[in-house]
Every structure is written in C-alpha cells, then in structure tokens.
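Novice: Please work out how this folds:
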Amino acid sequence: MSLSIIILAAGKGTRMRSDLPKVLHKLGGRPLLWHVLQTAQQFTDARIHVVIGHRAREVQESFSAADVEWVVQDKQLGTGHAVAQAMPGIADDDSVLVMYGDIPLIRQSTLAPLCAIAEQGFLGLLTAELVDPTGYGRILHHADGSISGVVEEKDASASERSIREVNTGFIAAPAAKLRRWIDVLDNNNAQGEFYLTDVAARAVADGVSVRGLSAESVDDVLGINDRLQLAEQEQRYRNRCAVECMRDGVTLIDPTRFDLRGQLQAGEDVIIDINAVLEGDVRLGNRVSIGPNVVLRNVEVGDGTSILANCVIEDAVIGKGVRIGPFARVRPETRLADNTHVGNFVEIKKSDVGAGSKINHLSYIGDTTIGRDANIGAGTITCNYDGASKHRTVIGDDVFIGSDTQLVAPVEVGAGATIGAGSTITKDAPAGELTLSRSGQETRKGWQRPKKKK
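Specialist: Presented below is the predicted three-dimensional model:
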C-alpha cells in the first residue's frame with residue numbers, strides 16, 4: 001500500500017492581519033509550509049499533494065523546486081472540501097495522511113504510527129490532552145471508550161466543551177474509504193463548512209473502527225493562527241534546536257538565547273555564546289568559538305577559529321586558526337585563509353585573504369586579493385568603485401600597507417612592498433620597494449585659530 005500525503009495550505013490566515021499567505025510566514029527563518037514539507041518528505045516513498053487557495057500562485061512560486069502535486073481550492077469551504085480537491089489524484093489502494101501547512105512542529109515519528117493504523121484499514125485520529133482546549137474540536141467516546149466522533153467547538157454543548165481531549169486535525173485512512181466518507185459530508189453546522197472531522201462519525205456509521213493516537217508532545221501539534229501563536233511556536237522551535245545541538249556536543253552558554261534558523265553542522269568542542277543567530281547552512285569545525293551577538297549566514301568555519309562579539313559573517317569561507325572581531329563584517333564571496341586576523345570595525349567583501357595576513361583595525365577591503373603574511377594598517381581603504389564599475393586590487397605576499405592608505409583600483413602592490421602611511425596609491429607599486437604619496441609638510445608661524453566672539 002502506497003502513502004499519499006495531503007497538506008492543507010489554502011487558508012488566508014485572517015487573524016495574522018497580513019497580506020502574506022499564512023503558510024509563508026516564517027518560523028526559524030523558514031516559511032511554515034517549508035517545515036511541514038520537510039516532515040512530509042521524511043516519508044521517502046510518499047506522494048505529496050499540497051492544497052492551495054489564497055494567493056495560490058505566490059505560495060507555489062515560493063516552493064517552485066518542491067517535488068509536490070499542487071491542487072487549487074478555488075473556494076475555501078472547509079477542511080473536508082479541501083481534502084476532496086486532492087482525492088481525484090489518489091489511488092483507491094493508497095493510504096492517506098492529512099497534514100496542515102500551519103502546524104510546523106509536527107514530527108514524522110508521531111505521524112508514522114498514525115499511518116500504520118490506516119494501513120490496517122482503520123481511521124486514525126491524532127489527539128492531544130490540553131489544559132485549555134478552547135478553539136479545538138473535542139473527541140467524543142462511546143460508553144465503552146471507543147471514539148464515536150468529533151464535535152467542533154462552535155457546535156458543542158456545554159458538557160462537550162468541558163472535554164479536554166481534542167482533535168489535532170491529523171488523520172490517516174484508507175483512500176477508498178476516505179473518498180466514500182468525504183463524498184457524503186454536509187455543511188449543516190455553525191460555520192456552514194464541510195468539516196473533515198465529520199469523517200469520524202461517517203466511519204463509525206460504516207462500521208470502521210476509529211482509533212485515537214495521543215501526540216508525543218502537545219507543543220508539536222499546536223497550530224498558528226495569529227502573531228502571538230507564531231511567537232510561541234518560534235520559542236518552542238528555538239528550544240528544540242538548542243536541545244538537539246547540545247545533544248550533538250555543542251556548548252551553548254545560554255540555550256534560551258540561541259537562534260538557529262537553518263542547518264548547523266558542528267565539530268567537537270564548539271562553544272557558542274549568547275544571542276548568536278545562525279542562518280542557512282552553517283558548518284563549524286572543531287574547537288570553534290562563537291562570541292555573543294554574532295550573526296552567521298551560510299558560513300564554513302575551520303578548526304580552532306574564534307569569532308569575537310558582534311560580528312556579521314555571510315556567504316564566506318573561513319579557514320583554520322582565524323581570529324575575527326569584535327565588530328567585524330565579512331560579506332559574501334570572501335575567503336579567509338588559515339591563521340588570518342580580521343579586527344574591530346573591519347569590513348571585507350568579495351575578497352581572498354592569504355594565510356597569516358592581518359587586517360586588524362578600521363579598514364574596508366573590497367574586491368581584493370591579498371597574499372600571504374601581509375599586514376594591512378588601520379584605516380586602509382580599497383577604492384573599488386568608480387561610480388559605474390567595480391575594480392580589483394591585488395596585494396602580494398609579505399606586503400606592509402601603512403595606516404590611512406587608499407588603494408585606488410585597479411591597482412597592484414607587488415610582493416614585499418611597503419606603502420607609506422597616509423598614501424593614495426593610484427598606480428601599481430613595485431615589489432620590494434617603498435611607495436608613498438604625500439604633500440609637503442608646512443608650518444605657518446604666527447597663525448592663530450579663529451575664536452568665537454563673546
């Protein structure tokens with residue numbers, strides 16, 4: 001029996017008070033639907049059908065590379081109606097799992113046993129026990145304890161609303177039976193919608209056992225309907241990521257102030273201080289130290305490197321034994337070789353810095369190639385932009401650039417050259433020589449500084 005997964009992602013998300021489709025709001029730096037698709041794709045042989053409606057094209061374009069079947073629900077007439085739109089593309093001998101685009105923390109390990117219930121020919125419902133069940137459908141039972149159905153809150157009696165066992169919305173069923181139950185749904189309820197939850201009563205009437213499965217964690221099955229719930233799930237997601245990182249051997253100085261918004265691959269004895277934000281694909285070697293308030297985005301960092309406080313590094317490759325910061329910015333397409341130093345208030349963009357070279361203070365290095373063991377003095381600027389085009393600067397091995405130097409690209413400084421402090425270099429500087437450009441120093445005797453009138 002094959003598995004087909006239907007993900008419901010057609011809603012507008014009115015309570016988000018946003019022009020953005022709800023499933024495109026971000027959790028951990030990724031759209032809600034991205035998280036749900038990641039879980040669905042863990043069922044490796046499943047066919048995934050995503051039901052979209054509100055601003056359907058925008059949702060589809062956001063996941064243009066996803067291997068899914070897109071199904072458009074032109075009118076949002078309820079969850080039962082949404083599932084019905086996907087059923088024509090599903091074979092009768094499949095089992096069907098229904099997921100939700102606004103429940104991002106659900107785990108594959110929770111859903112797998114639900115699918116097993118469907119494979120046995122029964123209807124599986126994922127349930128949860130909530131302290132405050134407000135807003136959820138309640139699970140109804142026969143006198144013998146078996147499930148008799150689900151009642152939505154707006155249709156529930158006072159006694160039914162006191163029930164704390166709720167329907168999470170996740171169901172699994174044999175496709176042929178689910179198709180039959182959905183075909184006879186009606187919208188005779190307070191919302192005037194076709195409820196997917198009504199298939200439970202249809203199954204009972206059909207003589208099919210309805211089997212409840214309790215969720216591993218209540219946090220995993222909570223939906224997101226407004227900004228408050230989004231923030232609450234963001235906090236839970238951060239905590240989950242922190243726990244996983246620590247179990248993998250990463251030291252987090254304060255797990256409550258760690259923010260992973262992508263994928264982290266870390267070696268041994270990695271230490272991450274407070275308020276670090278890691279986005280995209282981040283790879284840290286052994287003994288890497290990340291200081292407080294650091295942002296890393298799509299970065300590879302070699303063994304033994306220290307990134308000090310308040311640095312921002314994106315789309316860069318950092319070698320071994322490097323020291324960066326504090327307050328440094330390393331921009332995209334930068335490569336720092338082993339044992340380089342990048343100090344405070346230094347910005348580097350689209351540059352290659354050779355092994356052992358140092359750029360320690362208050363400098364801008366853009367579109368530049370720097371050789372080995374070069375020393376770039378404080379206040380050095382590579383003037384790479386002429387107002388229309390970018391130009392490259394080349395600095396050879398063992399070059400010493402004096403403080404407050406401007407290198408006007410395109411320009412090359414030969415190996416072993418020295419540039420005198422305060423120079424503006426507009427022509428190539430020869431290897432092994434001292435090059436400088438300075439106006440003559442002058443003292444005007446008797447000159448007095450202007451003073452304000454009293």
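Novice: got the contact list for Leu185?
Specialist: 80-81, 84, 194-195, 198-199, 202 (Cβ atoms under 8 Å, 6 or more residues apart in numbering). C-beta here means a position set from N, CA and C on the backbone, and glycine is covered the same way.
Novice: Neighbour-wise, which one of those leads?
Specialist: Highest neighbour count within these, by other Cβ atoms under 10 Å: Val199, with 29 neighbours.
Novice: ok now stretch 340-355, how far from the chain's centre?
Specialist: Its chain's average C-alpha position is 27 Å from that of stretch 340-355, according to Cα atoms, centre = their mean, to the nearest Å.
Novice: now do stretch 446-454
Specialist: With Cα atoms, centre = their mean, you get 60 Å for stretch 446-454.
Novice: try stretch 445-454
Specialist: 60 Å.
Novice: now swap in stretch 155-172 and tell me
Specialist: 33 Å.
Novice: Give the buried residues for it.
Specialist: Within stretch 155-172, the residues that count as buried by 16 or more other Cβ atoms under 10 Å are 156, 163, 165-172.
Novice: How are the helices of this protein distributed by residue range?
Specialist: 32-40, 56-62, 79-86, 108-119, 158-161, 175-183, 199-205, 227-247 (DSSP state H).
Novice: Hmm, Asn187 and Asp155 touching each other?
Specialist: No: with contacts counted by Cβ atoms under 8 Å, Asp155 stays clear of Asn187, the gap being 11.6 Å.
Novice: that older thread, export the buried residues of stretch 155-172 to TSV and tack on pLDDT?
Specialist: Putting the buried residues of stretch 155-172 into TSV (pLDDT from 0 to 100) gives the following:
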residue	pLDDT
Ala156	92
Ile163	95
Glu165	94
Val166	94
Asn167	93
Thr168	95
Gly169	94
Phe170	97
Ile171	97
Ala172	98
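Novice: And the furthest pair within the residues you listed?
Specialist: The distance between the two most remote of the buried residues of stretch 155-172 (Cβ to Cβ) is 24.2 Å, for Ala156 and Ala172.
Novice: what about the stretch 251-400 of the chain, any weak spots by pLDDT?
Specialist: Within the stretch 251-400 of the chain, no stretch has pLDDT under 70.
Novice: re the thing from before, for Val299, which of the helices of the chain is the nearest?
Specialist: helix 227-247 (15.8 Å).
Novice: Would you mind writing the CA trace of that closest one as PDB?
Specialist: Extracted in PDB, the C-alpha atoms of helix 227-247 (Å, rounded to 0.1, in the frame of the first residue of the first chain):
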ATOM      1  CA  ARG A 227       1.100  36.600  15.700                       C
ATOM      2  CA  LEU A 228       1.100  35.500  19.400                       C
ATOM      3  CA  GLN A 229       0.900  31.800  18.500                       C
ATOM      4  CA  LEU A 230       3.600  32.400  15.900                       C
ATOM      5  CA  ALA A 231       5.900  33.800  18.600                       C
ATOM      6  CA  GLU A 232       5.100  31.000  21.000                       C
ATOM      7  CA  GLN A 233       5.900  28.400  18.400                       C
ATOM      8  CA  GLU A 234       9.100  30.300  17.500                       C
ATOM      9  CA  GLN A 235      10.200  29.900  21.100                       C
ATOM     10  CA  ARG A 236       9.400  26.200  21.100                       C
ATOM     11  CA  TYR A 237      11.300  25.800  17.800                       C
ATOM     12  CA  ARG A 238      14.400  27.600  19.200                       C
ATOM     13  CA  ASN A 239      14.300  25.400  22.300                       C
ATOM     14  CA  ARG A 240      14.100  22.200  20.100                       C
ATOM     15  CA  CYS A 241      17.100  23.300  18.100                       C
ATOM     16  CA  ALA A 242      19.100  24.200  21.200                       C
ATOM     17  CA  VAL A 243      18.400  20.800  22.700                       C
ATOM     18  CA  GLU A 244      19.400  19.000  19.500                       C
ATOM     19  CA  CYS A 245      22.600  21.000  19.300                       C
ATOM     20  CA  MET A 246      23.600  20.300  22.800                       C
ATOM     21  CA  ARG A 247      22.900  16.600  22.400                       C
END
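Novice: can you pull the buried residues of it?
Specialist: 230, 233-234, 236-238, 240-242, 245.
Novice: quick one: Ile395 from Asn360, how far?
Specialist: Relative to Asn360, Ile395 is positioned 15 Å away (Cβ to Cβ, to the nearest Å).
Novice: can you redo the helices of the chain as CSV with distance to Thr424 and mean pLDDT?
Specialist: Output for these, formatted as CSV (distance: least, Cβ to Cβ, whole Å; pLDDT from 0 to 100):
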stretch, distance to Thr424, mean pLDDT
helix 32-40, 49, 98
helix 56-62, 48, 96
helix 79-86, 67, 96
helix 108-119, 61, 97
helix 158-161, 78, 92
helix 175-183, 75, 96
helix 199-205, 77, 93
helix 227-247, 48, 96
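Novice: Tabulate those helices (TSV), appending distance to Gly137.
Specialist: Compiled in TSV, the helices of the chain are given as follows (distance: least, Cβ to Cβ, whole Å):
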stretch	distance to Gly137
helix 32-40	20
helix 56-62	26
helix 79-86	10
helix 108-119	17
helix 158-161	10
helix 175-183	16
helix 199-205	9
helix 227-247	17
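Novice: I'd like to know which of these is closest to Gly354.
Specialist: Closest among the helices of the chain, using Cβ to Cβ: helix 227-247, at 32.7 Å.
Novice: Now do the closest one: which elements does it pack against?
Specialist: Helix 227-247 makes packing contacts with strand 26-27, strand 251-252, strand 258-266 when contacts are defined by 3 or more Cβ pairs under 8 Å, 6 or more residues apart in numbering; DSSP states H and E.
Novice: so can I have TSV of those strands showing mean neighbour count and distance to Phe63?
Specialist: Putting the helices and strands packed on helix 227-247 into TSV (neighbours: other Cβ atoms under 10 Å; distance: least, Cβ to Cβ, whole Å) gives the following:
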stretch	mean neighbour count	distance to Phe63
strand 26-27	18	14
strand 251-252	17	31
strand 258-266	18	17
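Novice: what about the ones you listed, which gets the closest to Val150?
Specialist: From the helices and strands packed on helix 227-247, taking Cβ to Cβ, the stretch that ends up closest is strand 26-27, at 26.9 Å.
Novice: When Ile395 and Asn360 are compared, which one has more neighbours?
Specialist: Ile395 (28 against 17).
Novice: wait, isn't the more buried one in contact with Ile401?
Specialist: Yes: counting by Cβ under 8 Å, Ile401 is a contact partner of Ile395 at 7.1 Å.
Novice: which residues are in contact with both of those two?
Specialist: 374, 376, 407, 413.
Novice: Can you report how many residues lie near the third one?
Specialist: Number of residues near Leu407 (other Cβ under 10 Å) recorded here: 26.
Novice: Kind regards, and thank you for your time.
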